[in-house]
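Visitor: Sequence and predicted model, in that order:
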Amino acid sequence: MFETTLAGSLPKPAWLAEPGKLWPQWRSSGESLARDKDDATLLWLKLQEDAGLDIVGDGEQARQHFVHGFLEAVEGIDFDNKVKMGIRNNRYDAMVPQVVGPLRLRGRVHAKEARLLRAHTARRVKFTLPGPMTIIDTIADCHYGDRVSMAMAFADLLNQEARALEADGVDIIQFDEPAFNVYMQEAAQWGIEALHRAIDGLRCTTAVHICYGYGIQANIDWKRSLGEQWRQYETVFPALAASRIDQISLECANSHVPMELLKLLGGKDVLVGVIDVASDSVETPEEVADTIGRALRYVPAARLFPCTNCGMAPMSRELAERKLEALVKGAALARERHL
Ligand code: ZN
């Protein structure tokens with residue numbers, strides 16, 4: 001009960017990449033970079049186990065960014081001529097690559113990290129991939145001419161990699177779809193259909209993560225503009241409840257999401273965000289257990305997995321370690337209180 005897990009990313013050690021950045025530059029290149037990525041992946045695996053997490057991941061140590069880490073393995077994309085594009089409905093500008101031809105995977109994307117994790121832990125392993133809608137919102141299109149067809153093309157590539165990750169021994173595959181919180185109608189109309197294409201044929205557990213983003217200034221400003229009650233989830237939850245996705249990962253710590261919206265996810269596992277990634281103050285176990293207690297009114301205990309609100313990539317490493325401990329201690333306290 002109350003098995004703990006992470007939304008996805010963890011900070012990269014300063015010897016691997018520039019700290020504190022969402023798009024950090026690597027410190028080395030070639031074989032030396034490949035070895036450093038492996039070392040960072042193993043380091044975070046050990047730290048997650050020591051903190052007591054039940055379900056562990058690679059902390060996304062081998063990718064520069066959660067979307068472009070996947071795109072770098074895709075043929076048909078021009079990375080040399082990036083263009084400035086407003087993303088997440090123009091919430092902020094990013095320099096993005098362009099789709100210039102038919103999309104095809106060059107080979108495996110995450111075989112190395114997945115096999116490394118599987119070889120070094122007996123715990124359940126979760127692996128994250130960007131969702132199709134979030135991908136097409138983070139890249140410019142000069143080929144497909146239509147958002148939905150481009151999303152479906154990416155969904156097929158994601159499916160190819162997801163099936164291979166399952167064969168590598170990954171237990172849970174999660175698709176990150178922060179764009180579901182921005183294009184709510186489209187998420188229900190075709191976003192979930194694209195996810196179904198991405199999970200086609202999988203037997204492992206599947207998840208989708210929907211959040212209000214990393215703790216960067218543009219997101220903090222956006223959240224301030226959303227008013228007293230954040231009801232973005234309300235449009236997409238009923239469609240997710242009817243979907244074939246097993247688990248939904250959400251932002252609940254320090255958020256203005258009304259907890260009663262969680263009851264719209266009947267029949268699903270809910271990964272409840274109990275750790276705020278946009279704040280430098282470390283949650284107490286009591287605060288974590290309180291958030292779990294509030295979610296427990298709408299989610300059965302057996303389906304409730306305490307988690308982080310979002311990835312922790314831009315955070316300091318020390319802070320992230322302390323927040324992992326808070327997550328595990330808070331879940332333990334909630335077990336004492338409720339079970
Ligand atoms: Zn997130």
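Guide: Here it is on my side, so go on.
Visitor: so who does the residue of the stretch 101-250 of the chain found nearest the ion touch?
Guide: Across the stretch 101-250 of the chain, no residue is closer to the ion than residue 211, which sits at 3.2 Å (C-beta to the ion). Quick note: C-beta positions are derived from backbone N, CA and C, even for glycine. Contacts for residue 211 were tallied using C-beta atoms under 8 Å, 6 or more residues apart in numbering; they are 7, 178, 181, 249-251, 273, 309-310.
Visitor: What is the most widely separated pair among those residues?
Guide: 7 and 181 (13.6 Å; C-beta to C-beta).
Visitor: Please compare the two by neighbour count and tell me which comes out ahead.
Guide: Between residue 7 and residue 181, residue 7 has the larger neighbour count (other C-beta atoms under 10 Å), namely 26 against 23.
Visitor: Report the spatially closest residue to that one, excluding sequence-adjacent ones.
Guide: residue 308 (4.6 Å; C-beta to C-beta, 6 or more residues apart in numbering).
Visitor: Quick check: phi and psi at the one you found.
Guide: phi -90, psi 160 (degrees, to the nearest 10).
Visitor: Would you mind measuring from it to the ion?
Guide: Per C-beta to the ion, to the nearest Å, residue 308 is found 9 Å from the ion.
Visitor: Against residue 76, how distant is that residue?
Guide: Here the criterion is C-beta to C-beta, to the nearest Å. By it, residue 308 lies 33 Å from residue 76.
Visitor: of the two, who's got more company?
Guide: Taking other C-beta under 10 Å, residue 308 and residue 76 do not tie; residue 308 has more neighbours (28 against 18).
Visitor: Enumerate every residue touching that one.
Guide: Applying C-beta under 8 Å, 6+ apart to residue 308 gives the contacts 6-7, 273-275, 277, 323, 327.
Visitor: what about 6 Å?
Guide: 6-7, 275, 277 (C-beta atoms under 6 Å, 6 or more residues apart in numbering).
Visitor: Okay, and the beta partners of it?
Guide: residue 275 (DSSP bridges).
Visitor: Quickly find the element holding residue 155.
Guide: For residue 155, the host element (DSSP states H and E) is helix 147-168.
Visitor: Over that helix, what's the mean pLDDT, rounded is fine.
Guide: Mean per-residue pLDDT for helix 147-168: 98.
Visitor: what does it contact?
Guide: Contacts for helix 147-168 (C-beta under 6 Å, 6+ apart): 103, 105, 108-109, 114-115, 127, 129, 132-133, 135-136, 141, 144, 173, 190, 194, 197-198, 200, 202, 204.
Visitor: one more time with 8 Å, if that's ok
Guide: Taking C-beta under 8 Å, 6+ apart as the rule, helix 147-168 contacts 70, 74, 99, 102-105, 108-111, 114-115, 118, 127, 129-133, 135-136, 141, 143-144, 173, 175, 190-191, 194-195, 197-204.
Visitor: With just CA atoms, put it into CSV.
Guide: Output in CSV follows, covering the C-alpha atoms of helix 147-168 (Å, rounded to 0.1, in the frame of the first residue of the first chain):
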residue,chain,number,x,y,z
ARG,A,147,-1.0,18.1,-36.0
VAL,A,148,-3.0,14.9,-35.6
SER,A,149,-1.2,12.9,-38.4
MET,A,150,2.2,14.0,-37.1
ALA,A,151,1.1,12.9,-33.5
MET,A,152,0.0,9.5,-34.8
ALA,A,153,3.3,9.1,-36.7
PHE,A,154,5.2,9.8,-33.4
ALA,A,155,2.9,7.4,-31.5
ASP,A,156,3.9,4.5,-33.8
LEU,A,157,7.6,5.3,-33.1
LEU,A,158,6.9,5.5,-29.4
ASN,A,159,5.1,2.1,-29.6
GLN,A,160,8.2,0.6,-31.2
GLU,A,161,10.5,1.8,-28.4
ALA,A,162,7.9,0.9,-25.7
ARG,A,163,7.6,-2.7,-26.9
ALA,A,164,11.4,-3.0,-26.8
LEU,A,165,11.6,-1.4,-23.3
GLU,A,166,9.1,-4.1,-22.2
ALA,A,167,11.3,-6.8,-23.6
ASP,A,168,14.3,-5.2,-21.7
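Visitor: Check which residues of that helix are buried.
Guide: 147-148, 150-159, 161-166, 168 (16 or more other C-beta atoms under 10 Å).
Visitor: and which of the contacts of residue 308 is nearest to residue 62?
Guide: Of all the contacts of residue 308, residue 62 sits closest to residue 6, with 15.7 Å by C-beta to C-beta.
Visitor: Surely that closest one and residue 307 touch.
Guide: Yes: Residue 6 is in contact with residue 307 according to C-beta atoms under 8 Å; the separation is 6.5 Å.
Visitor: what's the distance between the residue nearest to residue 7 and residue 68?
Guide: From residue 308 across to residue 68, the span is 21 Å (C-beta to C-beta).
Visitor: all helices of the stretch 151-300 of the chain, in order?
Guide: 184-186, 192-199, 217-224, 233-241, 285-295 (DSSP state H, counting those that start in this stretch).
Visitor: In terms of mean pLDDT, which of those ranks lowest?
Guide: Mean pLDDT, when computed for each of the helices of the stretch 151-300 of the chain, is lowest for helix 217-224, at a mean of 83.
Visitor: With only the CA atoms kept, save that one in PDB.
Guide: The C-alpha trace of helix 217-224 is given here as PDB (Å, rounded to 0.1, in the frame of the first residue of the first chain):
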ATOM      1  CA  GLN A 217       9.400  31.000 -13.900                       C
ATOM      2  CA  ALA A 218       7.200  30.800 -17.000                       C
ATOM      3  CA  ASN A 219       5.200  28.000 -15.300                       C
ATOM      4  CA  ILE A 220       5.000  29.800 -12.000                       C
ATOM      5  CA  ASP A 221       3.600  32.900 -13.800                       C
ATOM      6  CA  TRP A 222       1.100  30.700 -15.800                       C
ATOM      7  CA  LYS A 223      -0.100  29.000 -12.600                       C
ATOM      8  CA  ARG A 224      -0.700  32.400 -11.000                       C
END
